[in-house]
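Q: predicted structure and sequence below. I'll ask about it afterward.
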Amino acid sequence: MTVPMSYFQGEPLKIGNETQLLIDDHIVEDRWALERVLHPPSKHLLNPILVKDKPWEGDIALSPYVMWDDDFGRYRMWYKCFSETNYWGAGGPPYHLSYAESDDGINWEKPDLDVSDYPGYPISNVVYTGTYRQRTQGVQVIKNPDESDPQKRYMYIHVEAIPHPEEGLQSGVNVAYSPDGLRWTMPEPPKHILDYHSDCLNHVVYDPQEEQWLLYCRPIHMFSSGRRDLRVGQIGERHMRRRVSVMTSKDFENWSYPRTCMYPDELDTPDYDACTVFRWAGQFIMLYAAMEGDVTGSNEVRLASSQDGVNWERFYTREPYIARGREGDWDAGQVNVSGPPVVQGDTMLIYYSGTPNPQYETTTQSGIAVAMAKVDRFVEQRGGDQPGYLLTKEFVVEGNRIKINTVMPGMPYHEQFIRVEIASHPPLGGHHGSSQPYPGFSFEDSDVLKGSRTDMTVTWNGSADIYELAGKPVYLRFEIVNMGLFSFKITQE
């Protein structure tokens with residue numbers, strides 16, 4: 001939700017029944033004595049949960065894109081394989097798309113399929129090698145929201161070279177379609193979304209507010225007019241396009257020029273090797289690979305948020321959301337997230353890939369892993385021994401309950417609680433000084449809330465019903481002592 005100018009002209013917001021993350025200040029009017037705390041997910045003890053163990057998988061298997069598919073009744077994963085030998089012209093395609101399935105999201109099977117003609121292996125879990133026998137690079141597989149054509153039920157966003165009438169095969173960002181996520185075809189005649197080699201996790205996100213698609217890719221226009229060798233003492237060219245740009249389209253046919261929407265600043269690493277952007281709780285979240293691109297090529301995953309998918313706010317500490325492993329671990333060199341979280345009950349499964357060595361060192365090892373967090377728990381507003389307060393922006397009540405997502409760390413002999421007040425809009429000229437609580441919804445009426453819950457119901461004098469406030473403009477004021485608050489939501493029950 002982008003805060004409209006009408007709010008600053010006096011109109012309250014309309015937030016409906018959407019979860020309001022407190023990841024940034026888009027819904028916050030004011031706060032006092034609270035600290036924003038990043039909540040990294042916990043890496044699973046069985047990681048890596050998928051590794052290369054088939055001869056056709058080449059040197060590394062990475063970049064998982066996972067969904068729960070109701071049509072199949074299973075978790076489905078598409079992932080990228082790479083062969084260094086094939087990259088230099090021998091054997092099959094250097095990149096290809098492989099496939100796995102799971103009942104629980106942790107234990108994965110690589111089915112024997114005959115849907116792709118990987119050289120020498122007529123039966124494999126390879127599902128796409130490239131229409132024109134060139135390298136196909138990409139991982140995003142999504143269900144097409146337009147279900148009018150069953151042959152286009154699934155969409156695969158990737159980089160592939162296609163014929164150009166004057167320049168031969170030309171690399172760019174493309175879309176392939178499939179009826180089942182296994183058998184893929186390129187449209188005829190083939191047409192690039194972006195006619196430029198964008199070597200990152202190119203992917204699309206639909207924005208229902210603007211009714212348009214956003215494509216995240218590499219920029220074309222940037223600070224440098226070319227590529228230079230900035231890595232002193234190292235062989236090769238310095239990759240300088242590691243930034244994030246975005247293109248837009250209303251019809252998935254006609255796309256705008258890519259505009260840079262995020263580049264490294266004084267607090268960040270010199271490169272953003274890749275990112276994944278997804279809609280979550282009515283806003284956009286980005287998990288980006290902050291890369292040390294001058295010397296080693298190591299990276300870690302960090303967090304940013306946006307209300308419109310274009311203007312981004314990076315979490316202020318720049319600490320990792322998913323950190324590299326310790327020295328000697330399988331993911332000590334690089335980690336990268338290539339798809340949105342998958343919800344399993346009240347848990348988010350966040351799939352990522354890793355390598356033991358940084359990018360500028362040769363590696364034939366990699367793995368695909370999962371990290372887990374409670375749903376909506378990205379950033380916590382934490383109070384200490386001194387009560388902290390958060391005042392929301394004014395909004396119209398469209399429901400009869402308030403649910404909050406909370407955490408209560410174990411702190412023996414410390415007071416711990418959250419209380420909630422629903423306040424009215426004080427008129428100008430009345431010398432009231434501050435907003436006043438609606439009768440029956442003050443801090444004194446609020447029941448003390450304790451515990452770690454993703455859906456705790458707020459009550460006043462034992463009652464959760466706020467129906468009498470429906471249609472009225474309100475502020476919520478939270479008092480937080482030695483607890484954390486992640487989000488709130490107005491529900492209709």
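A: Everything's here; your move.
Q: got a pLDDT number for residue 236?
A: Looking at residue 236, its pLDDT reads 49.
Q: wait, residue 324
A: Note for residue 324: predicted pLDDT of 97.
Q: how close does it get to residue 111?
A: 32 Å (C-beta to C-beta, to the nearest Å). Where C-beta positions appear, they are placed from N, C-alpha and C, glycine not excepted.
Q: go on, residue 199?
A: As defined by C-beta to C-beta, residue 199 lies at a distance of 29 Å from residue 111.
Q: before we move on, back to that, residue 324 and residue 111: which is more packed in?
A: Using other C-beta atoms under 10 Å, the more surrounded residue of residue 324 and residue 111 is residue 324, with 20 against 13.
Q: can you pull the phi/psi pair for that one?
A: Taking degrees, to the nearest 10, you get phi -60, psi 160 for the backbone angles of residue 324.
Q: tell me the contacts of it?
A: Residue 324 is in contact with 298, 299, 300, 331, 332, 333, 334, 335, 354, counting by C-beta atoms under 8 Å, 6 or more residues apart in numbering.
Q: so who does the closest residue to the last one other than its chain neighbours touch?
A: If the residues on either side of it in the chain are set aside, residue 354 comes closest to residue 331, at 2.7 Å by C-beta to C-beta, 6 or more residues apart in numbering. Shown in contact with residue 331 (C-beta under 8 Å, 6+ apart): 47, 48, 324, 325, 354, 355, 356, 367, 369.
Q: distance from stretch 355-371 to the middle of the chain?
A: Counting by C-alpha atoms, centre = their mean, to the nearest Å, stretch 355-371 is centred 21 Å from the centre of its parent chain.
Q: mind listing what's buried along it?
A: Applying a neighbour-count criterion of 16 or more other C-beta atoms under 10 Å, one finds 355-360, 365-371 buried in stretch 355-371.
Q: among those, which lie within strands?
A: Among the buried residues of stretch 355-371, DSSP state E puts 355, 367, 368, 369, 370, 371 in strands.
Q: list the contacts for the nearest residue to the third one once chain neighbours are set aside?
A: The shortest distance from residue 368 to any non-neighbouring residue, by C-beta to C-beta, 6+ apart, is to residue 50 (4.1 Å). By C-beta under 8 Å, 6+ apart, the residues touching residue 50 are 61, 64, 77, 79, 100, 108, 367, 368.
Q: the second one touches residue 75, doesn't it?
A: No: between residue 64 and residue 75 no contact is recorded; they are 10.6 Å apart, counting by C-beta atoms under 8 Å.
Q: find the nearest non-adjacent residue to residue 194, please.
A: residue 173 (4.1 Å).
Q: give me the below-cutoff pLDDT ranges for the stretch 351-493 of the chain.
A: For the stretch 351-493 of the chain, the stretches flagged by pLDDT under 70 are 430-433.
Q: strands of that one, start to end?
A: Residue ranges of the strands in the stretch 351-493 of the chain, as given by DSSP state E, counting those that start in this stretch, are 367-374, 379-383, 388-392, 395-396, 401-407, 417-423, 453-457, 473-481, 484-491.
Q: for those, which one sits closest to residue 7?
A: Nearest of the strands of the stretch 351-493 of the chain to residue 7, taken as C-beta to C-beta: strand 395-396 at 9.2 Å.
Q: which elements pack onto the closest one?
A: For strand 395-396, the packing partners by 3 or more C-beta pairs under 8 Å, 6 or more residues apart in numbering; DSSP states H and E come out as strand 473-481.
Q: the strand it packs on packs against which elements?
A: For strand 473-481, the packing partners by 3+ C-beta pairs under 8 Å, 6+ apart come out as strand 379-383, strand 388-392, strand 395-396, strand 417-423.
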